[in-house]
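> missing the sequence, but the structure's below:
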């Protein structure tokens with residue numbers, strides 16, 4: 001979809017509402033535990049401030065009821081440290097105090113408005129026209145000249161701060177959003193063979209990705225792992241045991257086994273399944289080959305095993321492009337980190353490598369891996385783009 005970038009924007013003296021995604025892990029005391037998402041937006045914010053903009057920052061933290069549903073005060077403090085321009089915090093989002101804070105901005109100053117999700121409208125999804133009439137958008141719009149969306153990680157949502165403002169104001173994409181759209185929207189220009197690694201626990205999204213890239217002949221190989229790989233194994237008739245079956249059923253993924261079976265029937269020569277799995281037995285990692293399935297009753301599949309790592313590594317070694325989306329196992333537990341670590345280490349050596357957001361990006365940080373050509377800031381949004389579905393926030397900007 002055609003969208004305007006910061007190259008199309010005359011910034012000097014304008015008041016900009018800038019939506020970013022700085023939703024971050026917090027410590028028990030409420031401090032930032034990781035500032036990676038804040039750092040991702042430094043280029044966009046620095047450019048706007050350097051060019052004389054008055055920047056009102058909109059963002060969220062956590063969701064209602066969660067332990068990390070908190071104020072953006074520590075985020076503002078950290079941005080003030082990261083940027084060479086003053087950044088303050090306002091403990092309101094669209095009230096008179098918030099509007100005053102925005103109206104009092106001078107050129108090259110920024111204010112972080114309070115967590116947008118402190119207000120119930122923001123945690124609901126609306127069509128863009130209805131979102132434009134919410135209190136958040138209606139109250140703040142008169143204080144703003146333009147709207148910039150740099151929150152790719154939230155772009156698959158249709159919430160007021162994401163789709164309402166560009167319905168009433170000129171809309172632009174920030175540098176993070178621009179980069180994501182350029183890379184993920186141009187997958188078919190990357191070198192082949194093209195290998196997708198679909199893992200993790202987002203089964204419905206991962207199956208949709210596999211179906212889309214196989215239908216469009218974008219993938220030469222789809223390597224399945226994690227819970228996604230377990231669903232495909234069940235679809236192929238493998239018995240992973242009661243513990244894995246119960247988990248898949250309890251998570252609401254059981255019906256997707258039929259979808260996986262349909263994909264195997266149509267594209268079986270391009271879809272690769274784990275050859276073995278790792279379980280916990282007496283506190284130790286034990287690997288079980290498919291010929292020895294099922295594991296014991298209480299043993300769930302937690303990672304792929306060495307045979308799978310060897311087979312998948314060979315495919316990755318010959319790849320022109322690798323797209324990683326989802327870990328191979330429960331990588332947070334060092335006992336079951338081998339599959340994710342080894343496959344990701346192999347992927348970084350591909351001619352061109354793309355890392356999906358969320359858990360995938362967290363895994364590469366855990367293992368200290370670098371050298372990927374593109375690391376997406378968004379898990380859900382990245383998956384949505386790879387399925388071929390439009391992103392509501394981008395659609396709103398293209399109006």
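That came in fine, so what should we check first? What you see is a predicted model; the values in this text were computed from it and never measured. Residues are numbered from 1 along each chain as shown.
> starting at the chain centroid, how far to stretch 381-399?
With Cα atoms, centre = their mean, to the nearest Å as the basis, stretch 381-399 stands 13 Å off its chain's centre.
> repeat for stretch 198-207
On Cα atoms, centre = their mean, the centre of stretch 198-207 falls 13 Å from the chain's centre.
> stretch 179-187 now?
The answer for stretch 179-187 is 14 Å, by Cα atoms, centre = their mean.
> for it, which positions count as buried?
For stretch 179-187, the neighbour count (16 or more other Cβ atoms under 10 Å) marks 179-181, 183-184, 187 as buried. (Each C-beta comes from the backbone N, C-alpha and C, glycine too.)
> touching it from outside, list them.
3, 152, 173, 194, 213, 218, 321, 323, 354, 374, 376-378, 381-382, 385-386, 394 (Cβ atoms under 8 Å, 6 or more residues apart in numbering).
> after the host helix or strand of residue 197, next one along is what?
Element membership of residue 197 [criterion: DSSP states H and E] is strand 194-198. Proceeding N to C from strand 194-198, the next assigned helix or strand is helix 203-215, under DSSP H and E.
> for that next one, packing partners?
If you count contacts as 3 or more Cβ pairs under 8 Å, 6 or more residues apart in numbering; DSSP states H and E, helix 203-215 packs onto strand 194-198, strand 221-224, helix 226-235, helix 256-267, helix 379-386.
> mind running it again at 7 Å?
strand 194-198, helix 226-235, helix 256-267, helix 379-386 (3 or more Cβ pairs under 7 Å, 6 or more residues apart in numbering; DSSP states H and E).
> who does the very next helix or strand once past the longest one pair up with?
Counting by DSSP H and E, the element after helix 256-267 in chain order, helix or strand, is strand 271-272. Neighbouring strands of strand 271-272 in its sheet, by DSSP bridges, are strand 221-224 (parallel).
> pull the residues that contact the strand it pairs with.
Strand 221-224 is contacted from outside by 193, 195-198, 210, 214, 232, 270-274, 312, 315, using Cβ atoms under 7 Å, 6 or more residues apart in numbering.
> what's the closest of the residues you listed to residue 297?
Closest approach between those and residue 297, by Cβ to Cβ: residue 274, at 20.0 Å.
> residue 328 reaches residue 340, doesn't it?
Yes: between residue 328 and residue 340 there is a contact at 4.5 Å, judged by Cβ atoms under 7 Å.
> contact partners of the helix-or-strand element of the chain with minimal mean pLDDT?
One helix or strand of the chain scores below all others by mean pLDDT, DSSP states H and E: helix 379-386, with a mean of 84. Residues from elsewhere that reach helix 379-386 (Cβ under 7 Å, 6+ apart): 152-153, 155-156, 184-185, 202, 205, 209, 212-213, 325, 356-359, 376, 391.
> so of the residues you listed, which ones are in strands?
Judged by DSSP state E, strands contain the following of the contacts of helix 379-386: residue 325.
> PyMOL command to pick out the buried ones of the contacts of helix 379-386?
Buried residues within the contacts of helix 379-386, by 16+ other Cβ under 10 Å, are selected in PyMOL with:
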select buried, resi 152+153+155+156+184+202+205+209+212+213+325+356+357+358+359+376+391
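> can you give the domain ranges for this protein?
Using automatic domain parsing, the domains assigned to the chain come out as 6-181, 185-368.
> low-confidence regions, the stretch 1-150 of the chain specifically.
Along the stretch 1-150 of the chain, segments meeting pLDDT under 70 span 1.
> quick one: the helices in it, in order.
Secondary structure of the stretch 1-150 of the chain by DSSP state H, counting those that start in this stretch: the helices cover 36-40, 42-50, 73-82, 96-103, 128-131, 135-140.
> closest to residue 59 out of the ones you listed?
Closest to residue 59 of those, according to Cβ to Cβ: helix 73-82, at 6.9 Å.
> pull out the buried residues from that closest one.
By 16+ other Cβ under 10 Å, the buried positions in helix 73-82 come out as 73-79.
> which of those residues lies closest to residue 160?
The closest of the buried residues of helix 73-82 to residue 160 turns out to be residue 75 (Cβ to Cβ; 19.7 Å).
> for that closest one, give me its contacts.
22, 32, 38, 59, 61, 112.
> for stretch 39-52, what is the distance to the chain centroid?
Stretch 39-52 sits 21 Å away from the centroid of its parent chain (Cα atoms, centre = their mean).
> hang on, residue 335 packs against residue 283?
No: at 8.7 Å, residue 335 does not count as touching residue 283 under the criterion of Cβ under 7 Å.
> between those two, which one's more packed in?
residue 335 (14 against 6; other Cβ atoms under 10 Å).
> give me the three-state assignment for the more buried one.
Taken by DSSP: H, G, I helix; E, B strand; the rest coil, the conformation at residue 335 corresponds to helix.
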